[in-house]
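This is the structure alone, sequence omitted:
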């Protein structure tokens, strides 16, 4: 089992940048496929970005493609989400999530794909 703790959220103006981090417990971090999701007020939680165990495969929601970058440092048990050109509609609580990879599947975009979640970090983008 893995425990996840997000950090780095805050208030930023539109057009600005922010990096959120997610630190994981345990010595098996490199076994986990990781994802970032977000949930805006009165909206459903949605997929933002995902990254494979090695970091060799990354994928994004269309709404953030070209602006956000997911990365991981397996030596530090940490996954990052670099967010550039932020928009007010990016305002949400951002959650990291983890799962063990099974077989050759390397893309997981559904909430139900991930059994392990952090507590979330608030990102607010002002206009």
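Yes, it's here. Every value quoted in this text rests on a predicted model; they were computed, and no experiment measured them.

Count the neighbours of residue 35 for me.
28 (other C-beta atoms under 10 Å). Where you see a C-beta, it was placed from the backbone N, CA and C, and this is true even at glycine.

what's the spacing between it and residue 112?
Using C-beta to C-beta, to the nearest Å, residue 35 is found at 12 Å from residue 112.

do residue 7 as well
26 Å.

swap in residue 121?
Residue 121 is 22 Å from residue 112, where distance means C-beta to C-beta.

Who has more neighbours out of the two?
Higher neighbour count among residue 121 and residue 112: residue 121, with 22 against 7, using other C-beta under 10 Å.

Touching, the more buried one and residue 8? I think so.
Yes: Residue 121 lies in contact with residue 8 (C-beta atoms under 8 Å); the separation is 6.3 Å.

which residues are in contact with both of those two?
Common contacts of residue 121 and residue 8, defined by C-beta atoms under 8 Å, 6 or more residues apart in numbering, comprise residue 20.

No further queries at this time; thank you.
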